[in-house]
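[1] need coordinates for the following:
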Amino acid sequence: DEIVPDSSVAATDVQQLLKRLEIPFDAGVADEALFEKLQFVHDMVYDHDLPLPVPTNLLIDSAGRLAAIYKGAVSVDRILSDAQYLTTDDAERLAASLPASGRWVASPTKHRLPQLVDKLASADMRDDAMEFAKRLDNLTGSSEEQTALAIQFSRQKSLAGDIAGATQDLQNALANSPNSAAAHTELGTVYARQNELPKAIEHLSKAVSIDETLPDAWLNLGIALRRVNRMDDAIKSLERATAIDPQLAPAHDSLGLIAASRGQFSEAIQHFRSAVDIDPENTRTRINLAVAMLKQGRPEDALIELQAALVHEPDMPAALTYATEILSRLGRPEEAVAMLQESVERKPRVAPLRIMLARYLEEAGNTAHAIREYREGERLDRGNLQAQLRLAWIMSTHPDEELRNAEEALRRANRAVAKTKRQDALALDVLAAAYAEAGRFDDAIATAQTAIDVAVRRRQSDLAESIQQRLDVYREEQAYRTTRK
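    This next block holds a predicted model:
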């Protein structure tokens, strides 16, 4: 009654009724979860999903097995009569359950526990599902169902962010089935996601030693080996994966990454191309392919791949970064600006897009518009270092007096220097320029000298040389001016 929304029956009414009838047995109230489980059992028996009526009676034998379902009212005499058959053999009990005698075309099946396990698991009744999986395994003398269910539950928990729970499920599965290649594969994959690579390699290696035909185990083992820089072993694992399943795009991608890391760009391109052909919508692999083409001196081909990636993910920052840089290098900066403006219109609150657009506007000489985009990018991503430095630099060095602002430039440059703990030569260079714009030449000279020292220490020779040229200007008590209008 309590699970019927409009019921007027209270728990006290039930207790009073039981007391008045002097019921000598265990009695209680069915909650919604129990009712749903009983419905599952009913549906398994009858192959249809009609709702259980009230009353419904279930006759259970001494081993806890369902013997009969009575839908509707049933007499005590009928129950007592049927109970006599609970201890008889299957054939006699089956004959007693039928309205007429006859001859079987085939022997009826017994339990349908696998279907019930699936239903309980789908309904997120995990403890019940595992209990019935255990019963099923007891019938077969294995632990296969429990292991498969533990893997299923671990994947659900992993997707939900419960990595600890997923790990525990798989460890429990391996305690019951230490030679389950599937459980070792799954646990190794979970460890790899947590960056626990030695444990990942241990379990994935165990998986392939138990079953050499698992492409995912070879794939994930190869990726883990690559991440610990065991490249030759990684190649062997990944090649085993592609030999078993030639359509395994991530294996081709990983082989491409290894070849690219060794400077073997022709081989890398072949692997990336195979991965892209298998999975054309994988933008990350297309970017890998484009970068390898760039390394080979093929910017036009790289641009084609990046444009294809942007069809699937129009505002992907990495693809936009490479594509706009190529366009700029090919002397097509207006196309780069147009591409970024379209992205900003679609995603106006994405700071990296704003800042990237500002950079190309600045290079194109549209500095006033660039300032607006830098400001908006800095507002969206509070304290963005790149935006702060570019704004401070423009306000310190631009030839247009209306765009310069020594006070704001100093404020922004000081924040950037503090954020980088005076260990970034570029930030110090910008601060020196701001000091010079404010007429504080002694501070400009001292800061520029520190910037040079940091650049030299970090082997940034080109930057050190350009700061030295500005230092000479400050020593003449002049502010530095860029030539860009």
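
[2] contacts, neighbours, all on C-alpha from now
    Fine.

[3] now do Ile244 against Ala217, distance only.
    Remark: distance between Ile244 and Ala217 (C-alpha to C-alpha, to the nearest Å) = 11 Å.

[4] do Gln194 as well
    For Gln194, the distance to Ala217 - C-alpha to C-alpha - is 17 Å.

[5] neighbour count: the two, which is higher?
    Taking neighbours as other C-alpha atoms under 10 Å, Gln194 and Ala217 compare with Ala217 leading, 30 against 11.

[6] the more buried one against Lys206, yeah?
    No. Between Ala217 and Lys206 there is no contact under C-alpha atoms under 8 Å: 9.4 Å.

[7] pLDDT wise, what is Arg484 at?
    Arg484 is assigned a pLDDT of 62 by the prediction.

[8] residues contacting the closest residue in space to Thr447 that isn't next to it in sequence?
    Excluding the flanking residues, the one nearest Thr447 by C-alpha to C-alpha, 6 or more residues apart in numbering is Ala432, at 5.3 Å. By C-alpha atoms under 8 Å, 6 or more residues apart in numbering, the contact list for Ala432 reads 443-448.

[9] ok, the residues you listed vs Phe272, which is closest?
    Comparing the contacts of Ala432 against Phe272 with C-alpha to C-alpha places Ala448 closest, at 45.2 Å.

[10] how much space separates the closest one from Asp424?
    From Ala448 over to Asp424 (counting by C-alpha to C-alpha), the distance is 12 Å.

[11] ok, now Leu357?
    Relative to Asp424, and taking C-alpha to C-alpha, Leu357 is found at 24 Å.

[12] hmm, back to that, common neighbours of Ala217 and Lys206, please.
    Common neighbours of Ala217 and Lys206 (C-alpha under 8 Å, 6+ apart) do not exist.

[13] rewinding a little: more neighbours: which of Leu357 and Asp424?
    Shown here are Leu357 and Asp424; by other C-alpha under 10 Å, Leu357 has more neighbours (26 against 18).

[14] for the protein, identify the residue most remote from the centre.
    What lies farthest from the middle of the chain is Asp77; by C-alpha atoms, centre = their mean that is 60.4 Å.

[15] how close does it sit to Leu18?
    Asp77 is 21 Å from Leu18, by C-alpha to C-alpha.

[16] with Ala451 instead?
    Counting by C-alpha to C-alpha - Ala451 and Leu18 are separated by 88 Å.

[17] look at the two and report which has more neighbours.
    Set Ala451 next to Leu18 and count neighbours by other C-alpha under 10 Å: Ala451 wins out with 27 against 15.

[18] show me the helices in the stretch 51-200 of the chain, by range?
    76-83, 90-97, 113-122, 126-140, 144-159, 163-176, 181-193, 197-210 (DSSP state H, counting those that start in this stretch).

[19] got any ranges where this structure has weak pLDDT?
    For the chain, applying pLDDT under 70 flags the ranges 110-112, 484-485.

[20] of all residues in it, which one is nearest the centre?
    Leu159 (7.5 Å).

[21] from Gly165, how far out is that residue?
    Taking C-alpha to C-alpha, one finds Leu159 at 11 Å from Gly165.

[22] then Gln423?
    Gln423 is 43 Å from Gly165, by C-alpha to C-alpha.

[23] please apply the same query to Trp393.
    Applying C-alpha to C-alpha to Trp393 and Gly165 gives a distance of 51 Å.

[24] neighbour count: the two, which is higher?
    Using other C-alpha under 10 Å, the more surrounded residue of Trp393 and Gly165 is Trp393, with 27 against 16.

[25] export the host helix or strand of that one to CSV, keeping only CA atoms.
    Assessed by DSSP states H and E, Trp393 sits inside helix 385-397. These are the backbone C-alpha positions of helix 385-397, laid out as CSV (Å, rounded to 0.1, in the frame of the first residue of the first chain):
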residue,chain,number,x,y,z
LEU,A,385,49.5,35.8,-18.5
GLN,A,386,49.6,36.1,-22.2
ALA,A,387,46.9,38.7,-22.3
GLN,A,388,48.5,40.7,-19.5
LEU,A,389,51.9,40.8,-21.2
ARG,A,390,50.6,41.7,-24.6
LEU,A,391,48.4,44.5,-23.3
ALA,A,392,51.3,45.8,-21.2
TRP,A,393,53.7,45.6,-24.2
ILE,A,394,51.3,47.5,-26.5
MET,A,395,50.7,50.2,-23.9
SER,A,396,54.4,50.6,-23.4
THR,A,397,55.8,50.5,-26.9
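
[26] tell me what it is packed against?
    helix 367-380, helix 406-419, helix 425-437 (3 or more C-alpha pairs under 8 Å, 6 or more residues apart in numbering; DSSP states H and E).

[27] at 6 Å instead, please
    Judged by 3 or more C-alpha pairs under 6 Å, 6 or more residues apart in numbering; DSSP states H and E, helix 385-397 is in contact with helix 406-419, helix 425-437.

[28] so which of the ones you listed gets nearest Leu170?
    helix 406-419 (43.8 Å).

[29] for that closest one, which positions count as buried?
    406, 409-410, 412-417 (16 or more other C-alpha atoms under 10 Å).

[30] and if you look at stretch 327-337?
    327-328, 333, 336-337.

[31] cool, and stretch 203-221?
    203-208, 212-221.

[32] kindly export it (C-alpha atoms) in CSV.
    The C-alpha trace of stretch 203-221 is given here as CSV (Å, rounded to 0.1, in the frame of the first residue of the first chain):
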residue,chain,number,x,y,z
HIS,A,203,48.2,-6.5,-15.2
LEU,A,204,48.1,-5.9,-18.9
SER,A,205,51.2,-8.2,-19.4
LYS,A,206,49.4,-10.8,-17.3
ALA,A,207,46.3,-10.5,-19.5
VAL,A,208,48.2,-11.1,-22.7
SER,A,209,50.1,-14.0,-21.1
ILE,A,210,46.8,-15.7,-20.3
ASP,A,211,45.1,-14.9,-23.6
GLU,A,212,47.2,-13.7,-26.5
THR,A,213,44.2,-12.9,-28.7
LEU,A,214,43.0,-9.7,-26.8
PRO,A,215,43.7,-6.7,-29.0
ASP,A,216,42.6,-4.2,-26.3
ALA,A,217,45.1,-5.7,-23.9
TRP,A,218,47.9,-5.4,-26.4
LEU,A,219,46.9,-1.9,-27.3
ASN,A,220,46.7,-0.6,-23.7
LEU,A,221,49.9,-2.4,-22.8
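
[33] gap between that stretch and the chain center?
    22 Å (C-alpha atoms, centre = their mean, to the nearest Å).

[34] and what of stretch 365-375?
    Using C-alpha atoms, centre = their mean, the offset of stretch 365-375 from its chain centre is 36 Å.

[35] now Thr12: which helix or strand?
    helix 11-21.

[36] got the contact list for the helix or strand just after that helix?
    Moving toward the C-terminus from helix 11-21, the next helix or strand (DSSP H and E) is helix 32-46. The contact list for helix 32-46 (C-alpha atoms under 6 Å, 6 or more residues apart in numbering) reads Asp49.
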